[in-house]
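**Student:** Next comes the sequence, and after it the predicted model I'd like to discuss.
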Amino acid sequence: MKKTFWRELLQPLKNLSRNTDKTYDAEQKLTACLPQNHHCLETLNQWLANRRVLSVGNQHWQGQSLLMAIDSRRDILWLDDIFPQQEQLGEGVTLQISLRQGFEHCYFSATVIAIVDKPAGRMIALHLPREIHRAPRRRQRRFNLPGPALNVRVRASGNEAETAQVINISAGGLRITLNGNRLTTYRPGTLLPFCRFTLGPDIVINCRATVKAAVLDKTSGRRTQVSLAFADIPVGQRHQVDAYLHKLEALQGQTHVPASA
């Protein structure tokens with residue numbers, strides 16, 4: 001009985017390994033699924049086809065992964081191994097999977113059924129969700145800065161302070177870029193005990209910050225873009241940032257992008 005269970009559980013992976021150029025046909029899966037699961041599977045198949053990077057974690061840790069296969073007949077969802085790899089992960093653990101796209105935050109919870117070691121890495125089997133929740137993203141205007149590039153000094157716990165370049169700024173945080181692959185150091189959820197930048201001769205901001213997202217940008221010479229949210233900025237400095245952004249908004253021709261910090 002146990003061998004039969006594992007044989008059926010791994011069948012989607014066997015199909016995937018036979019032909020890596022083919023993915024499950026979305027229309028066939030949607031036809032076979034239950035009516036109340038139609039929109040859920042439609043969304044998941046879009047994520048699978050577009051190889052969207054998902055946030056995966058719980059209250060103790062946060063990582064990233066990709067959808068690898070969907071088995072709607074057995075109600076199983078296959079994830080690639082989580083980066084960075086989590087040793088606490090095991091069968092029965094409930095994970096929160098989310099994706100921010102456009103102005104929506106899409107998310108669902110699923111329980112780990114099995115973890116399979118493959119030559120190319122671990123594969124994680126989850127129960128297929130019946131619903132994907134959607135909520136509007138927090139929208140704050142994020143402004144590109146005029147004039148010379150603005151630098152910021154940041155420090156992750158256990159590391160030396162380093163200089164990064166500010167891409168844009170909002171009332172809630174910054175988007176910065178650092179040289180090299182820094183995904184291990186700047187993982188989502190990481191608290192930075194030091195964040196310092198200057199907006200003008202009399203505006204020096206000192207605060208802590210929380211990493212909200214990080215992505216490796218290979219198109220710009222292998223640099224890491226990191227989204228930071230201000231963690232404990234003093235009220236007075238918060239007002240200074242708000243006043244600075246109001247001035248940017250008043251500038252003729254100044255562009256801004258609605259986005260979350």
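**Tutor:** Alright, I've got the coordinates.

**Student:** Provide a complete list of residue ranges assigned to helices in this structure.
**Tutor:** For the chain, applying DSSP state H gives helices covering 2-18, 26-32, 38-50, 235-250.

**Student:** What average pLDDT does the first one get?
**Tutor:** This points to helix 2-18. Mean per-residue pLDDT for helix 2-18: 55.

**Student:** Kindly tell me how buried residue 57 is, as a neighbour count.
**Tutor:** Residues lying near residue 57 (other Cβ atoms under 10 Å) number 20. To be clear about C-beta, it is placed using only N, CA and C from the backbone, and glycine gets the same treatment.

**Student:** what's the pLDDT at the residue nearest the centre of the chain?
**Tutor:** Centroid check for the chain by Cα atoms, centre = their mean gives residue 55 as the closest residue, at 4.3 Å. Note for residue 55: predicted pLDDT of 90.

**Student:** Low-confidence bits of the stretch 101-250 of the chain, can you list those?
**Tutor:** Within the stretch 101-250 of the chain, the segments meeting pLDDT under 70 span 102-103, 136-142, 146-148, 220-221.

**Student:** Mind jotting down where the strands sit in it?
**Tutor:** 104-118, 121-127, 133-136, 140-144, 151-155, 162-169, 173-179, 191-200, 203-217, 223-230 (DSSP state E, counting those that start in this stretch).

**Student:** Hmm, residue 101 and the residue nearest to the centre of the chain touching each other?
**Tutor:** No - look at residue 55 against residue 101 with Cβ atoms under 8 Å: they stay out of range, at 11.7 Å.

**Student:** Dump the strands of the stretch 101-250 of the chain to TSV, plus mean neighbour count.
**Tutor:** Output for these, formatted as TSV (neighbours: other Cβ atoms under 10 Å):
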stretch	mean neighbour count
strand 104-118	15
strand 121-127	19
strand 133-136	11
strand 140-144	18
strand 151-155	17
strand 162-169	18
strand 173-179	21
strand 191-200	16
strand 203-217	17
strand 223-230	22
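
**Student:** Looking at those, which is nearest to residue 65?
**Tutor:** Ranking the strands of the stretch 101-250 of the chain by proximity to residue 65 (Cβ to Cβ) places strand 121-127 first, at 7.5 Å.

**Student:** related to what we said a few turns ago, nearest approach to residue 250 belongs to which of the strands of the stretch 101-250 of the chain?
**Tutor:** Short answer: strand 140-144, nearest of those by Cβ to Cβ, at 11.2 Å.

**Student:** Enumerate the beta-bridge partners assigned to the residue nearest to the centre of the chain.
**Tutor:** Beta bridges link residue 55 to residue 64, residue 98, judged by DSSP bridges.

**Student:** got the contact list for residue 115?
**Tutor:** 89, 90, 91, 122, 123, 124, 125 (Cβ atoms under 8 Å, 6 or more residues apart in numbering).
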